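please work out how this folds:
(one chain, ligands or ions: 2)
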Amino acid sequence: MLNLAAPTGPDWTGRALADVGELLLDHAHCEKKAAGMAVQLLFRYPQHGFLLVPLSSLAREELMHFEQVLERMSARGVAFRSQRPSPYAGRLKQQVRSEEPQRLTDTLLCCALIEARSCERFQLLANAVVDDELAGFYRGLLASEARHHRIYVELACNLAPEDAIRQRLVELAAIEAEILAEAPPWCRMHT
Ligand SMILES: [Fe+2]
Ligand SMILES: [Fe+2]
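Ligands and ions are numbered 1, 2, ... in the order given. You can find the predicted model right below:
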């Protein structure tokens, strides 16, 4: 159960696979940012013991994914470099309320939605990509991202009653779908 408000539109997969090098580069950035976000939360909230082990282990897993994407880039002669990011994650994070504990709740739920969207898209890529090795890679990743989605939602449930968390997740999911509908038509994981 990914809690997404709207499925990815029909034109995304073709656009994403039109330039596999560009997509892999964006994917590498996404994995690195996912690890960075988890580590940042460990530093920002040392008082919340419930975050420590789940986020530390999630960050390690994301860095492993980062290395796995780098390997596939290198096999295709694609160099790691900076790249203009999709406005998606930045716009989603603008929804985070500024007071605690809502700030942490919303941050965890935004992370949960990013993981859910990645999971949905890895499935689309796995079904569409011609390269069998890459299809298998995407299939492996989607299981991790579904698990990461659940972990982030469960962590948020430490901060408020589950009903309230679910309600906020529905609100943020609707905004996430709107942000994607307005995203520029670039070749990225989240456009
Ligand atoms: Fe990942
Ligand atoms: Fe993840």
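
how close does residue 23 get to residue 183?
Separation of residue 23 from residue 183 (CB to CB, to the nearest Å) stands at 15 Å. Where C-beta positions appear, they are placed from N, C-alpha and C, glycine not excepted.

ok, those two, which is more surrounded?
Remark: of residue 23 and residue 183, residue 23 carries more neighbours, 21 against 16, as counted by other CB atoms under 10 Å.

ok, that one - contacts?
16, 17, 187, 188, 189 (CB atoms under 8 Å, 6 or more residues apart in numbering).

how about 7 Å then?
Residue 23 makes contact with 16, 17, 187, according to CB atoms under 7 Å, 6 or more residues apart in numbering.

that one: which element?
helix 20-44 (DSSP states H and E).

now do residue 149
helix 132-156.

so what secondary structure elements neighbour that helix?
helix 49-75, helix 102-128 (3 or more CB pairs under 7 Å, 6 or more residues apart in numbering; DSSP states H and E).

of all those helices, which one is nearest residue 8?
helix 102-128 (6.0 Å; CB to CB).

residues in contact with the closest residue to ligand 2 within the chain?
Using CB to the ion, residue 148 is the residue of the chain that sits closest to ligand 2, at 3.7 Å. Residues in contact with residue 148 (CB under 7 Å, 6+ apart) are 58, 115.

that one and residue 181, how far apart?
Residue 148 is 24 Å from residue 181, by CB to CB.

kindly report the same for residue 108.
Counting by CB to CB - residue 108 and residue 181 are separated by 24 Å.

can you give me the distance of the spatially closest residue to residue 158 that is not a sequence neighbour to residue 41?
Among residues not flanking residue 158 along the chain, residue 50 sits closest, at 4.9 Å (CB to CB, 6 or more residues apart in numbering). Residue 50 sits 11 Å away from residue 41, going by CB to CB.

just the ones of the contacts of residue 23 in helices?
16, 17 (DSSP state H).

around ligand 2, which positions in this structure sit nearby?
34, 115, 145, 148 (CB under 5 Å from the ion).

mind listing what the residue of the chain found nearest ligand 1 touches?
At 3.8 Å from ligand 1, residue 65 is the closest residue in the chain, using CB to the ion. If you count contacts by CB under 7 Å, 6+ apart, residue 65 has them with 31, 141.

redo that, cut-off 10 Å
Shown in contact with residue 65 (CB atoms under 10 Å, 6 or more residues apart in numbering): 27-28, 30-32, 34-35, 118, 137, 140-141, 144-145.
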